[in-house]
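A.B. asks: Take this sequence and fold it.
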Amino acid sequence: MSVLRNGRNDPTTLIGPDHVWRATHTPEGPGVIHVRRVGDNVDITVHGPGGAWLERQSASLLGCNDQSPLIDTPSEAVRNAQRRHRNVRIVRSGTAYHEMIPAVLGQRVTASEAARQWRELSMTYGTKFPEHGIELWSPPDPFTLARLPYYEFHQFGIERRRAETLRVVARHFEHLSSLCHFSGTPSEATNQLTLLPGVGPWTAAVAGFVAFGDADAVAVGDFHLKNMVAYALTGRHRGTDAEMLELLEPFRPHRGRVIRWLSLDGWSAPKHGPRRRNLSIARF
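C.D. replies: Now for the predicted structure:
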């Protein structure tokens, strides 16, 4: 369930050795779900107006509806990763709005910067839930976010381009919520996200993998992913998006699952050269 968390200090999702707390927005209002492992079973408690909805979605959130295939492949890297991580289920949160906000924030900036902006936005515009001695915040309230002028986002280091996309996502909260019950495949639901202005294949794949349990989602355009896939499958330190897609094609419709296995197995391409410096708009 670690894919539910955006950064180690995500105020919406707390993960411990045997439990998970998550606050989110549902079609029925904000709510909190607490999942606790008890032996071979789990205990689930919910809070808030959206609690009943979260309880109904809990099986999908836990990955209970996911069936991991046994993939026959000549790739030693994939075979080893599959052997060690095949039991890891792909979750389906059903909360596309929740997944879209940090995905949009991840455009054009480092993961640590996006995680910081996600934390600050949630703690500024989200709903606070003090539950059992811990503090959780829901994602930013969609109706508040939709009404903010773009320059209000500058205080968080979010430039106008991402700010406008965030406002588009917030204005389409009801549509995004309805995609939880989309009649098509998870991949088709992910493709629906690209119909929103400012949302490209990378953003849709990042959000769709978690929101819809899209096991075939591939984040084309990711700075590191193409290199990781090339290194794991060919030994080359660098690759292109086109090469990545060609290498992953035999694994369709489980390309996202294979990427997850490789990531869990610790694959990462060697780094070369200095790190890129990013300047925050909040400094200007």
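
A.B. asks: so who does residue 216 touch?
C.D. replies: Residues near residue 216 by CB atoms under 8 Å, 6 or more residues apart in numbering: 186, 187, 252, 253, 254, 255, 256, 257. Any C-beta I mention is one placed from the backbone N, CA and C, and that applies to glycine too.

A.B. asks: list the buried ones in the worst-scoring helix or strand of the chain on mean pLDDT?
C.D. replies: Every helix and strand in the chain was compared by mean pLDDT, DSSP states H and E; the lowest is strand 128-131, with a mean of 85. Of all the residues in strand 128-131, those buried under the rule 16 or more other CB atoms under 10 Å are residue 129.

A.B. asks: Tell me the neighbouring strands of it, and mark each as parallel or antiparallel.
C.D. replies: Strands that pair with strand 128-131, judged by DSSP bridges, come out as strand 134-137 (antiparallel).

A.B. asks: longest single helix anywhere in the chain?
C.D. replies: helix 111-125 (DSSP state H).

A.B. asks: buried ones in that helix?
C.D. replies: So, applying 16+ other CB under 10 Å, buried residues of helix 111-125: 113, 114, 115, 116, 117, 118, 119, 120, 121, 122, 125.

A.B. asks: and the residues you listed, which two are the farthest apart?
C.D. replies: In the buried residues of helix 111-125, two members sit farther apart than any others by CB to CB. They are 113 and 125, at 18.4 Å.

A.B. asks: Helices of this structure, residue ranges please.
C.D. replies: 51-56, 58-61, 76-85, 96-105, 111-125, 142-147, 160-171, 173-178, 186-193, 201-211, 225-234, 241-248, 255-264.

A.B. asks: Just send those helices back as CSV, with distance to residue 20 and mean pLDDT too.
C.D. replies: Below are the helices of the chain laid out as CSV (distance: least, CB to CB, whole Å; pLDDT from 0 to 100):
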stretch, distance to residue 20, mean pLDDT
helix 51-56, 12, 96
helix 58-61, 9, 94
helix 76-85, 19, 96
helix 96-105, 14, 97
helix 111-125, 17, 96
helix 142-147, 23, 96
helix 160-171, 24, 97
helix 173-178, 21, 95
helix 186-193, 22, 96
helix 201-211, 13, 96
helix 225-234, 26, 95
helix 241-248, 29, 96
helix 255-264, 17, 96
